[in-house]
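Peer 1: Sharing a sequence plus its predicted fold:
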Amino acid sequence: MAGRFYKHVSFVVTLSSMAAPTALAAVINVPAGHATIQGAIDAAVNGDEIVVAPGTYKEAIDFLGKAIILRSCAGPEVTTIDGEGNALHVVRCFNGEGPDTVLDGFTITGGNAADGESGGGMYNFNSSPTVIDCIFSENYAAHGGGGMCNYKSSVTVTDCKFSGSSAALGAGMGNFSSTPTVNNCTFSRNVFALWGG
């Protein structure tokens with residue numbers, strides 16, 4: 001009787017192991033798989049990678065708290081996310097994104113955080129994404145962070161350029177109650193009204 005019991009338990013465990021395969025991360029292509037970057041983000045789940053072909057994508061995007069990699073396949077010189085002056089923030093991380101949320105290889109432009117708002121190019125709120133090899137250019141914020149605003153965030157920014165943006169406080173990058181890590185970045189021609197070009 002005891003022998004039959006142990007065989008039965010072993011059989012159940014084997015079935016349980018077979019019923020729970022490990023999910024594989026997907027690669028989502030833009031525009032081949034989804035016409036827009038935001039559409040690809042909406043479809044992605046944690047661990048996925050979104051690869052964006054060269055071009056100008058006239059939209060604003062929100063990472064929606066997802067631990068995903070969003071990267072261009074050819075670099076920021078030929079891959080642009082353009083808010084066209086209509087986007088409050090061209091890129092948003094507002095949902096507790098961490099270091100596994102990655103933005104890699106884009107020009108971010110056309111952000112317009114008017115009416116006392118912050119973060120025209122990118123706004124990180126209570127989030128700490130990783131930003132690599134991006135150009136933040138020609139963005140505006142009425143308050144802080146024309147290129148990027150970090151509020152209660154510990155973003156890591158590497159090999160990025162901040163140029164031609166304007167804001168009242170921190171025209172290139174505004175940091176408020178934040179501890180960003182900035183590696184090998186260039187700040188040039190950013191215009192401020194009060195302090196912190």
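Peer 2: On my side now, so go ahead.

Peer 1: Pull the number of nearby residues for Leu103.
Peer 2: 27 (other C-beta atoms under 10 Å). (Each C-beta comes from the backbone N, C-alpha and C, glycine too.)

Peer 1: what helix or strand is it on?
Peer 2: Here Leu103, judged by DSSP states H and E, is contained in strand 102-104.

Peer 1: check contacts around the closest residue to Phe176 other than its chain neighbours.
Peer 2: What sits nearest to Phe176 in space, not counting adjacent residues and going by C-beta to C-beta, 6 or more residues apart in numbering, is Tyr151, at 4.8 Å. Neighbouring residues of Tyr151 by C-beta atoms under 8 Å, 6 or more residues apart in numbering: Ser118, Tyr123, Asn124, Phe125, Asn126, Phe176, Ser177, Ser178.

Peer 1: got the phi/psi numbers for Tyr151?
Peer 2: Note on Tyr151: backbone dihedrals following degrees, to the nearest 10 are phi -130, psi 120.

Peer 1: thinking again about what came up before, what packs against the strand holding Leu103?
Peer 2: Helices and strands touching strand 102-104, as assessed by 3 or more C-beta pairs under 8 Å, 6 or more residues apart in numbering; DSSP states H and E, comprise strand 69-72, strand 130-132.

Peer 1: List the pairing partners of the first one within its sheet, with orientation.
Peer 2: Same thing as strand 69-72. Its sheet considered, strand 69-72 pairs with strand 49-52 (parallel), strand 102-104 (parallel) by DSSP bridges.

Peer 1: Which SSE is immediately downstream of the shortest one?
Peer 2: When you say that, I think you mean strand 102-104. Sequence-wise, the next helix or strand downstream of strand 102-104 (DSSP H and E) is strand 107-113.

Peer 1: Give me the contact list for that following strand.
Peer 2: For strand 107-113, with C-beta under 8 Å, 6+ apart as the criterion, the contacting residues are 60, 76-77, 79-91, 119-123, 134-143, 145-147, 149.

Peer 1: Buried ones from those, can you make that a ChimeraX selection?
Peer 2: Applying 16 or more other C-beta atoms under 10 Å to the contacts of strand 107-113 leaves a buried subset, and the ChimeraX line that selects it is:
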select :60,76,79,80,81,82,83,87,88,89,90,91,119,120,121,122,123,134,135,136,137,138,139,140,141,142,143,145,146,147,149
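
Peer 1: Show only the entries of the contacts of strand 107-113 found in strands.
Peer 2: Among the contacts of strand 107-113, DSSP state E puts 79-87, 91, 122-123, 135-137, 140-143, 149 in strands.
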